[in-house]
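*Asks:* A structural model of the following input is requested.
(chains A, B, C, D, E and F)
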Protein chains: 6
Amino acid sequence: MNTANPLSHLNTRGEARMVDVSEKQITSRTATACASIKMQPTTLNLIIEGGHPKGDVLATARIAGIMAAKKTPELIPLCHPLMLSKVEVDLTADESLPGILIHATCKLAGQTGVEMEALTAASVAALTVYDMCKAVDKRMIIQGIRVLEKKGGKSGDWDFSN
Amino acid sequence: MNTANPLSHLNTRGEARMVDVSEKQITSRTATACASIKMQPTTLNLIIEGGHPKGDVLATARIAGIMAAKKTPELIPLCHPLMLSKVEVDLTADESLPGILIHATCKLAGQTGVEMEALTAASVAALTVYDMCKAVDKRMIIQGIRVLEKKGGKSGDWDFSN
Amino acid sequence: MNTANPLSHLNTRGEARMVDVSEKQITSRTATACASIKMQPTTLNLIIEGGHPKGDVLATARIAGIMAAKKTPELIPLCHPLMLSKVEVDLTADESLPGILIHATCKLAGQTGVEMEALTAASVAALTVYDMCKAVDKRMIIQGIRVLEKKGGKSGDWDFSN
Amino acid sequence: MNTANPLSHLNTRGEARMVDVSEKQITSRTATACASIKMQPTTLNLIIEGGHPKGDVLATARIAGIMAAKKTPELIPLCHPLMLSKVEVDLTADESLPGILIHATCKLAGQTGVEMEALTAASVAALTVYDMCKAVDKRMIIQGIRVLEKKGGKSGDWDFSN
Amino acid sequence: MNTANPLSHLNTRGEARMVDVSEKQITSRTATACASIKMQPTTLNLIIEGGHPKGDVLATARIAGIMAAKKTPELIPLCHPLMLSKVEVDLTADESLPGILIHATCKLAGQTGVEMEALTAASVAALTVYDMCKAVDKRMIIQGIRVLEKKGGKSGDWDFSN
Amino acid sequence: MNTANPLSHLNTRGEARMVDVSEKQITSRTATACASIKMQPTTLNLIIEGGHPKGDVLATARIAGIMAAKKTPELIPLCHPLMLSKVEVDLTADESLPGILIHATCKLAGQTGVEMEALTAASVAALTVYDMCKAVDKRMIIQGIRVLEKKGGKSGDWDFSN
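*Replies:* Just a heads-up that it's a prediction; the model follows:
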């Protein structure tokens, strides 16, 4: 079969490759991804109150997420190295879940989108919350990791909800 | 407040630290984690058939997961460096999802458990599948990241289902 | 010249090598290092008060220091890879400096000491404070990076002050 | 409080973030930082003479500093990834200290300054000298880590001495 | 001696430095490197047939090569960080060797060539094949690592064969 | 087919995995690997004389090789993380080649051999020489990368030459 593979990360023989983006235009690109981590209500309470003003759980997860965004090309084999111009990771307590909601936004001017960077930031922030709470809660679940919104690039703006 | 913080990764002032495990015993420890990635049925078809024998999507994600397990202490700020003696990552197509199910198992003889390593392996394998399919499916969701089973260590064997 | 080089990281020809520690005993080893960063009093005020409860400067530097301890063998060419069993990084405001004092303690059971890990943690924590304040203060100076105390190992306990 | 945080690495809630530099201009930027490591005169002698022509102490520290400059965004959580176009690390023996003086210069065409890269290079070069001499001198002190000079960028040229 | 060192990675004192490329033009640059790994014919058979359709040896080596290309500036001290826009690694069985032939091609628009990235990708792919086969064949040899072809940059197109 | 795969890095379905070494004994293990890089005689002269005392080419390659040994589990997907207790990299000029001969020796007390670490150290040292000389010699070839000798482990001592 000679036609291009619809999965662009594979060549016509089905072999992995890092796609050639050298002809793509340098444009401003933004992506926002989310994740959530569901836990016992008592676990959530330990994070948001707990006798001392907040503690470092969310601050630690925020830093871990930001640093993970920069490590994306080391983790995801076919991602291009790129120079993020902004990373923001937001963690908020959601008592209805109960748990923590995470939003991560990445931005750059470049030739490829930054969805993977935003998804990696959100995932690693969630894993960090998991790590810091696992001694008191073994049944946490990380869920709902997805891209919410993309701006810029050839395919233009996109939003998960429509 | 002088009593120990129930979140052991925080000291009594609520500050993050890497817990002292030097008094813990060296025992054999295993953990299995899972994750899944939900996608369009047509996307799943591209992975499992598609004109060429399989292609590299699952093989690439498997390698990415194994390598990520080794990177866990670089990603999760308070994880101890450790010497995994085994990593196995399994990806299977599930047409009822539809999508890919991932199981990751890590093992070592050491002073801390390997849940975070197994969770990181499963998460990064899922992110890699996402990366390789995102050009054809923007609405994939990674979900159900959790520890299924733990063996060894002071707290003994544990299973998510009971 | 055939006698051993007094600088053990060099062979008799003066060439760098990673010293053979395989015959050394595995013992519990601890090291504490310190560093300080001197700044304008107004800069220190921005870190410790500033309208919002503390902000993340010290939490970010603490995490950066902990993660840097784990990266020591990647940074310092002749350091052995090792498995830290504890890392603790403490930052305190010192109005008499004025600035931030940093103490870092590392521990492991192993064949080599952990001074370099403690020194690296303290240095990178200081560099992180620098990074977060450099927009308001260009004349900060990082100083006094040294080992305060060592326990364990062949040479036994040691203290900078005597 | 709604006004911007004077510490630009924190948002209005005091949370760490990687600042958005995407609107900043790409200009040529240079920074020079210094550090010094004070030691016993006999230690300095071992580095600069010692029976064999020089040995690798300074060469090893130079390489460690250059490689560390490239690792800055991995070490300092809120640093942007960037593409250094030049790194030069200079180590000179100073018998009046007595010890080693280090100068590191980094350069790039980009949207952010390179002070952190120069400071990281100088710091890691100093730590490497420390590592290679610590078997013979436990009381070395690394000091005077600061930016000496900056060129380019919005704020223009700057020099520590005026 | 004041004249420039013909080895541009050394200054006039013979000290290593990362060359200043900031005045070089940004042009499209491509390099292809090759390597081969010679083995017993029975080892080659295990890779290319062996009861199950191919197995992951070549897929694993391909991924390892692609990821190694991105790690080049971390491995080779004086390489500039750069943003590869394409990496392709090809492994083919050669029964006349007998063994595996590897070709790696890297591409970017930048100020320095990508020979080292292509050579690193080919070398690490070969080392990965070695790793996966060493239990059955201790006498494999990796050989013929060289640049085959270069395009772009000041010195223009170049080909090993003429 | 149910029998074990003779390539132990693949499971019975031919899928890559990190082999379980947890039942293997901890013994002292050493491996020595070699590599060589062939160049023009004039290139070799620039390295070994050249007006200034030696320059940093060999020192830089030595450090790069030592640091690469520590990075082996990050580069070779199925290698276990391990704690090298010694790394030594030797580079010697060989006028008959003409070029540079490289020997790398790694050692640890552990559950797996260190051939891959020695091979990686030798390969990266050779690539570093290549990088530093490529401006004056485009036709260098790296060759003869192989394990020379192994000691320790279940299979006992082994030597390439018999």
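*Asks:* Locate the residue positioned nearest the centre of chain A within the secondary structure: which element?
*Replies:* Against the mean C-alpha coordinate of chain A, by C-alpha atoms, centre = their mean, the closest residue is residue A:119 at 2.0 Å. Element membership for residue A:119, per DSSP states H and E: helix A:115-133.
*Asks:* and the very next helix or strand once past that helix, which strands flank it?
*Replies:* Next helix or strand after helix A:115-133 toward the C-terminus (DSSP H and E): strand A:141-151. Strand A:141-151 pairs in its sheet with strand A:27-38 (antiparallel), strand A:158-159 (antiparallel), strand B:141-151 (antiparallel), by DSSP bridges.
*Asks:* The nearest residue to the residue nearest to the centre of chain A once chain neighbours are set aside: neighbour count?
*Replies:* With C-beta to C-beta, 6 or more residues apart in numbering or on different chains as the criterion, residue A:119 has its nearest non-adjacent residue at 4.4 Å, and that residue is residue A:33. Where C-beta positions appear, they are placed from N, C-alpha and C, glycine not excepted. When counting by other C-beta atoms under 10 Å in any protein chain shown, one arrives at 29 neighbours for residue A:33.
*Asks:* List the contacts of residue A:33.
*Replies:* Taking C-beta atoms under 8 Å, 6 or more residues apart in numbering or on different chains, we find residue A:33 in contact with A:103-104, A:115, A:118-119, A:121-122, A:145-148.
*Asks:* Could I get the strands paired with strand A:141-151 in JSON lines, plus columns for mean pLDDT and distance to residue D:81?
*Replies:* As requested, the strands paired with strand A:141-151 are exported to JSON lines (pLDDT from 0 to 100; distance: least, C-beta to C-beta, whole Å):
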{"stretch": "strand A:27-38", "mean pLDDT": "96", "distance to residue D:81": "15"}
{"stretch": "strand A:158-159", "mean pLDDT": "92", "distance to residue D:81": "25"}
{"stretch": "strand B:141-151", "mean pLDDT": "97", "distance to residue D:81": "25"}
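*Asks:* Can you say which of those is nearest to residue C:64?
*Replies:* Checking these against residue C:64 by C-beta to C-beta gives strand A:27-38 as the closest, at 23.0 Å.
*Asks:* Buried residues in that closest one, which are they?
*Replies:* Under the neighbour-count criterion of 16 or more other C-beta atoms under 10 Å in any protein chain shown, strand A:27-38 has A:29-38 buried.
*Asks:* Stretch A:91-100 now?
*Replies:* If you call a residue buried by 16+ other C-beta under 10 Å, then stretch A:91-100 has these buried ones: A:91, A:97, A:99-100.
*Asks:* Need the residues that contact that stretch.
*Replies:* Counting by C-beta under 8 Å, 6+ apart, residues outside stretch A:91-100 touching it are A:36-41, A:44, A:47-48, A:58, A:61-62, A:101-102, A:125-126, A:129, A:140.
*Asks:* Apply 6 Å and report the result again.
*Replies:* Contacts with stretch A:91-100, where a contact means C-beta atoms under 6 Å, 6 or more residues apart in numbering or on different chains, come from A:36-39, A:41, A:44, A:48, A:58, A:61, A:101-102, A:129.
*Asks:* same question for that stretch, mean pLDDT?
*Replies:* Per-residue confidence for stretch A:91-100 averages out to 95 on the pLDDT scale.
*Asks:* Find out how far that stretch is from the centre of the chain, if you would.
*Replies:* Relative to the centre of its chain, stretch A:91-100 is centred 17 Å away, using C-alpha atoms, centre = their mean, to the nearest Å.
*Asks:* Straight-line length of that stretch, end to end?
*Replies:* For stretch A:91-100, the first and last residues are 6 Å from each other (C-alpha to C-alpha, to the nearest Å).
*Asks:* and chain A, which residues reach chain E?
*Replies:* Proximity of chain A to chain E is assessed by C-beta under 6 Å from any C-beta of the partner chain, with A:16-18, A:20-22, A:73, A:77, A:81 identified as the residues in range.
*Asks:* got CSV for those residues, with distance to residue B:69 too?
*Replies:* Below are those laid out as CSV (distance: C-beta to C-beta, whole Å):
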residue, distance to residue B:69
A:16, 20
A:17, 24
A:18, 22
A:20, 30
A:21, 29
A:22, 33
A:73, 18
A:77, 14
A:81, 22
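*Asks:* Buried ones from those residues, can you make that a PyMOL selection?
*Replies:* With 16+ other C-beta under 10 Å as the burial test, the buried ones among the residues of chain A next to chain E are selected in PyMOL as follows:
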select buried, chain A and resi 16+17+18+20+21+73+77+81
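*Asks:* Quick check: which of the residues of chain A next to chain E has the minimum pLDDT.
*Replies:* With pLDDT as the yardstick, residue A:22 is the minimum among the residues of chain A next to chain E, at 88.
*Asks:* so what's that one up against?
*Replies:* Neighbour list for residue A:22: E:85, E:107, E:109 [criterion: C-beta under 6 Å, 6+ apart].
*Asks:* Checking my notes, the second one in a strand, right?
*Replies:* Yes. Secondary structure assignment (DSSP: H, G, I helix; E, B strand; the rest coil) places residue E:107 inside a strand.
*Asks:* Go ahead and confirm it touches residue E:30.
*Replies:* Yes. Using C-beta atoms under 6 Å, residue E:107 is in contact with residue E:30, at 4.6 Å.
*Asks:* burial of the nearest residue to residue A:29 once chain neighbours are set aside, as a residue count?
*Replies:* Nearest in space to residue A:29, with sequence neighbours left out and distances taken as C-beta to C-beta, 6+ apart, is residue A:152 at 3.9 Å. Neighbouring residues of residue A:152 were enumerated by other C-beta under 10 Å; the total is 19.
*Asks:* Residue A:25 now?
*Replies:* Counted with other C-beta under 10 Å, residues neighbouring residue A:25 total 10.
*Asks:* Could you check the pLDDT of it?
*Replies:* Looking at residue A:25, its pLDDT reads 85.
*Asks:* Tell me the secondary structure of it, please.
*Replies:* Residue A:25 - assigned by three-state DSSP - is coil.
*Asks:* Next, work out how far apart residue A:126 and residue A:58 are.
*Replies:* Relative to residue A:58, residue A:126 is positioned 12 Å away (criterion: C-beta to C-beta, to the nearest Å).
*Asks:* Also residue A:12?
*Replies:* When C-beta to C-beta is applied, the distance between residue A:12 and residue A:58 equals 47 Å.
*Asks:* Compare the two and say which is more crowded by neighbours.
*Replies:* When residue A:12 and residue A:58 are compared on other C-beta under 10 Å, the one with more neighbours turns out to be residue A:58, at 25 against 12.
*Asks:* Next up, the contacts around that one.
*Replies:* residue A:91.
*Asks:* CA-only coordinates of the helix or strand it falls within, as CSV, when you get a sec.
*Replies:* Here residue A:58 is covered by helix A:57-75, with elements defined by DSSP H and E. What follows is the C-alpha trace of helix A:57-75 in CSV, where atoms were taken according to Å, rounded to 0.1, in the frame of the first residue of the first chain:
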residue,chain,number,x,y,z
VAL,A,57,0.4,19.7,48.1
LEU,A,58,-1.1,22.0,45.4
ALA,A,59,2.1,24.1,45.1
THR,A,60,4.2,21.0,44.6
ALA,A,61,1.8,19.6,42.0
ARG,A,62,1.7,22.9,40.2
ILE,A,63,5.5,23.0,39.9
ALA,A,64,5.6,19.3,38.9
GLY,A,65,3.1,20.0,36.1
ILE,A,66,5.1,23.0,34.8
MET,A,67,8.3,21.1,34.8
ALA,A,68,6.7,18.1,33.1
ALA,A,69,5.4,20.3,30.3
LYS,A,70,9.1,21.1,29.5
LYS,A,71,9.9,17.3,29.6
THR,A,72,7.3,16.3,27.1
PRO,A,73,9.7,15.6,24.2
GLU,A,74,11.7,13.4,26.5
LEU,A,75,8.6,11.4,27.5
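*Asks:* any idea how far it is from the chain center?
*Replies:* Taking the mean of its C-alpha atoms, helix A:57-75 sits 9 Å from the chain's own mean (C-alpha atoms, centre = their mean).
*Asks:* what's the angle from it to helix D:57-75?
*Replies:* If you take axes from the mean of the first three to the mean of the last three C-alpha atoms, to 10 degrees, helix A:57-75 sits at 110 degrees to helix D:57-75.
*Asks:* Right, I'll leave it there.
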